[in-house]
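Student: dropping a prediction and its sequence here:
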Amino acid sequence: MIGVLITGHGSFATGMMSASRLIVGPREKYLGVDFVESDNVDTLSDKLRQAMEALGDQILVLVDLAGGSPFKTAVTLKSEFPDKEIEVISGLNMPMLTSVLLEEKETMEESVQSAMEMGAVGIRQFKKKPKPQQTPAGDGI
């Protein structure tokens with residue numbers, strides 16, 4: 001089973017984990033690390049390192065935002081664990097997370113591909129359908 005680690009700014013991880021438990025229930029090998037205002041990058045690094053140590057040999061790290069401290073720290077920590085297969089994906093949303101938690105893939109590559117596809121599929125804009133035009137009475141043939 002691939003371990004799943006969620007991280008992001010503020011209480012993002014806690015919120016995503018809470019929401020996912022409502023949808024998919026509890027899951028083993030699933031941790032979240034928040035990056036709150038009182039933390040610095042060293043604190044974040046320590047928390048992520050502990051989570052990575054606890055999650056096993058295959059870890060999928062799902063992050064809120066590419067380029068932010070949680071993302072950069074997770075990517076940097078990959079090199080501290082050469083014996084683990086760790087992948088980091090940004091842009092976490094609920095469809096992506098739900099897919100990862102419900103669909104246990106055979107390989108990390110399949111998990112990454114599925115997560116990215118479902119994350120993109122889950123982005124939608126609501127548009128009101130135009131009302132059909134009515135033909136005025138008496139205009140028929």
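Tutor: Received it, and whenever you're ready, just let me know what you need.
Student: distance check, residue 91 against residue 67.
Tutor: Separation of residue 91 from residue 67 (C-beta to C-beta, to the nearest Å) stands at 11 Å. Every C-beta, even on glycine, is put in place using the N, C-alpha and C of the backbone.
Student: same check on residue 8?
Tutor: Remark: distance between residue 8 and residue 67 (C-beta to C-beta) = 12 Å.
Student: the more surrounded of those two?
Tutor: With neighbours defined as other C-beta atoms under 10 Å, residue 8 and residue 67 compare such that residue 8 has more, 24 against 9.
Student: residues contacting the residue most central in space within the chain?
Tutor: For the chain, the residue nearest the mean C-alpha position is residue 92 (3.2 Å; C-alpha atoms, centre = their mean). By C-beta atoms under 8 Å, 6 or more residues apart in numbering, the contact list for residue 92 reads 6, 8, 16, 62, 63, 64, 119.
Student: name the element the fourth one belongs to?
Tutor: Secondary structure from DSSP states H and E places residue 62 in strand 58-63.
Student: tell me what that strand is packed against?
Tutor: For strand 58-63, the contact count by 3 or more C-beta pairs under 8 Å, 6 or more residues apart in numbering; DSSP states H and E identifies strand 3-9, helix 69-78, strand 85-90, helix 94-102, helix 108-121 as packing neighbours.
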